[in-house]
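Asker: have a look at this prediction, sequence included:
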Amino acid sequence: MKHKLFHSIKLKIRNLYLKPTSKLAKEKPISIVCNTCLAGFIYRDLKQRFDTPFINTFIPIRSYILLLSNFETNLKKEIKYNEELTIKSKCPVGTIVDDDGNDINLYFSHSDSFESAI
């Protein structure tokens, strides 16, 4: 009983927040850059099109900081298949090499293959 009440209250609070936020997002489309799957939940809650290349992608924090540190340049770089990390993680992994030679690893944890993720 307590669990249902808590869930009901949580949903009401969430909806109070989402209503005005969703209206703003409809006026001006947004792109969410997130290192976890959280962006997909936010887009869904706001009833927005998934307008980001980072949907269903996990980016370790070190890679995420490197990606953001030179964001526009890094987005233009080729994402190469990383076989070693794919075997270790059991999900497709792509790697961007930044201008300083650092690896930025992208884990496509909800994709069946590297090709479908890209």
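Answerer: Nice, thanks for sending it over.

Asker: what ranges do the strands span in this protein?
Answerer: Along the chain, the segments classed as strands by DSSP state E run 80-81, 93-97, 103-107.

Asker: for residue 9, find the nearest of those.
Answerer: strand 103-107 (34.7 Å; CB to CB). Every C-beta, even on glycine, is put in place using the N, C-alpha and C of the backbone.

Asker: same for the closest one, what does it pack against?
Answerer: In terms of contacts (3 or more CB pairs under 8 Å, 6 or more residues apart in numbering; DSSP states H and E), strand 103-107 is packed against helix 61-69, helix 83-89, strand 93-97.

Asker: for it, buried residues please.
Answerer: 104-107 (16 or more other CB atoms under 10 Å).

Asker: what's the answer for stretch 54-68, then?
Answerer: Going by neighbour count (16+ other CB under 10 Å), the buried part of stretch 54-68 is 54-55, 57-59, 63-64, 66-67.

Asker: so which of those residues is the closest to residue 118?
Answerer: Nearest to residue 118 among these, with distances taken as CB to CB, is residue 57, at 10.8 Å.

Asker: circling back: and the strands of the chain: which comes nearest residue 45?
Answerer: Each of the strands of the chain has some distance to residue 45 by CB to CB; the shortest is strand 103-107, at 23.4 Å.

Asker: for the chain, which spans come out with low pLDDT?
Answerer: Scanning the chain for pLDDT under 70 picks out 1-3, 6-7, 10-27.

Asker: show me the helices in it, by range?
Answerer: Ranges of helices within the chain are 2-27, 38-45, 61-69, 71-75, 83-89, 114-117, based on DSSP state H.
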